[in-house]
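Peer 1: Attaching a predicted model along with its sequence, questions to come.
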Amino acid sequence: MSTDRMKKVCIVGASGKLGRYMVRQSLERGYEVVGVCRERSVSKLAEFDGRMTIVPGPTDDPEVIRRAVAGCDGVLTVLVPWGVRQYSSGTAQAVLDHARPGARLVFSCGWHITRDGKDRYSRLFTLGVRLASVLGKLVRAVEIDDQVEACRRVFASDTRWTVVRGSSLEEGDSQGLPVWSRHVGDPVLASDLTRRVDFALFMVEALTDDTLVQEAPAIVGCRAPSALAHAGDREDRKDRN
């Protein structure tokens, strides 16, 4: 889909840090923006009052999502693993079910998501994910396995999806569009650090980048040492991986 056809976008999870960056960047591009967030979080979007439409409610509520995505050319979805009631998979399924045919669907998650099992993780990374999963379940706060299930459903769909897999994040001014690889373990990703504002930038840019349709790019900041060290062979890397 070309930029001139991307007129209206929905941002699911608009009130979080990543969501607010995406709202701002979408408005800067002249898009009509609809945001979905929990009712108690609506106040976090006060800076955009009068510039966007807000649909309050749980992001895994099919009726909330149906109303929010109506007429949207693209949907940007933050897949958060909160709670232990299948919040991520419910959100993803609602978007898959109710977005209009042909809409561009872009989902955010982390490096721990793998599409084809070819990602190569360090022992420390794998241990961290396992600990987060176990501890999250114990305190009934996080359900990482459900985020995996959410992405499995996206991968299995015949929609125009992209799953953007973010590295560790930091705040700060934009450094530019992150670089990406199809697989974690690629040396270009070794620095494992991206500015949150640039994660949002990659998400928004993906709406109009057809080369990312049905891809699961793992990203890293374009000014990260590993990205700079491998700047000359990025295109070859994408082809090989």
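Peer 2: Perfect, I can see it now. This is a predicted model, so every value here is computed, not measured.
Peer 1: drop to CA atoms for contacts and neighbour counts, all remaining ones
Peer 2: Noted.
Peer 1: how much space is there between Asp97 and Leu76?
Peer 2: For Asp97, the distance to Leu76 equals 15 Å [C-alpha to C-alpha, to the nearest Å].
Peer 1: more crowded one of these two?
Peer 2: The residue with more neighbours, out of Asp97 and Leu76, is Leu76; 27 against 13, by other C-alpha atoms under 10 Å.
Peer 1: all helices of the protein, in order?
Peer 2: Here the chain has its helices, by DSSP state H, at 17-28, 62-69, 87-98, 123-138, 144-156, 196-206, 225-229, 234-240.
Peer 1: Can you give me the first-to-last residue distance of stretch 167-176?
Peer 2: By C-alpha to C-alpha, the extent of stretch 167-176 from end to end equals 15 Å.
Peer 1: Can you give the contact residues for it?
Peer 2: The contact list for stretch 167-176 (C-alpha atoms under 8 Å, 6 or more residues apart in numbering) reads 110-111, 192-198, 201, 218-223.
Peer 1: swap the cut-off to 10 Å and go again
Peer 2: When contacts are defined by C-alpha atoms under 10 Å, 6 or more residues apart in numbering, stretch 167-176 is touched by residues 17, 109-112, 184, 189-202, 218-224.
Peer 1: ok, the spatially closest residue to Ala227 that is not a sequence neighbour - contacts?
Peer 2: Excluding the flanking residues, the one nearest Ala227 by C-alpha to C-alpha, 6 or more residues apart in numbering is Val188, at 5.0 Å. Val188 makes contact with 179-181, 219-222, 224-231, 233-234, 237 under the criterion C-alpha under 10 Å, 6+ apart.
Peer 1: Bridged to the residue most central in space within the chain, which residues?
Peer 2: Centroid-nearest residue in the chain, with C-alpha atoms, centre = their mean: Ser108, separated by 1.5 Å. In this entry, Ser108 is beta-bridged to Val78, Val164, by DSSP bridges.
Peer 1: So, low pLDDT: which residues of the protein?
Peer 2: 1-4, 81-85, 125, 127-143, 232-241 (pLDDT under 70).
Peer 1: Kindly recompute the last result at 90.
Peer 2: Along the chain, the parts satisfying pLDDT under 90 run over 1-5, 80-87, 110-112, 119-147, 230-241.
Peer 1: quick one on the thing from earlier: what would the helices of the chain look like in a markdown table with distance to Arg165?
Peer 2: As requested, the helices of the chain are arranged in a markdown table below (distance: least, C-alpha to C-alpha, whole Å):
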| stretch | distance to Arg165 |
| --- | --- |
| helix 17-28 | 13 |
| helix 62-69 | 23 |
| helix 87-98 | 15 |
| helix 123-138 | 14 |
| helix 144-156 | 11 |
| helix 196-206 | 9 |
| helix 225-229 | 16 |
| helix 234-240 | 15 |
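Peer 1: just so I know, which of these lies nearest Arg104?
Peer 2: helix 196-206 (8.6 Å; C-alpha to C-alpha).
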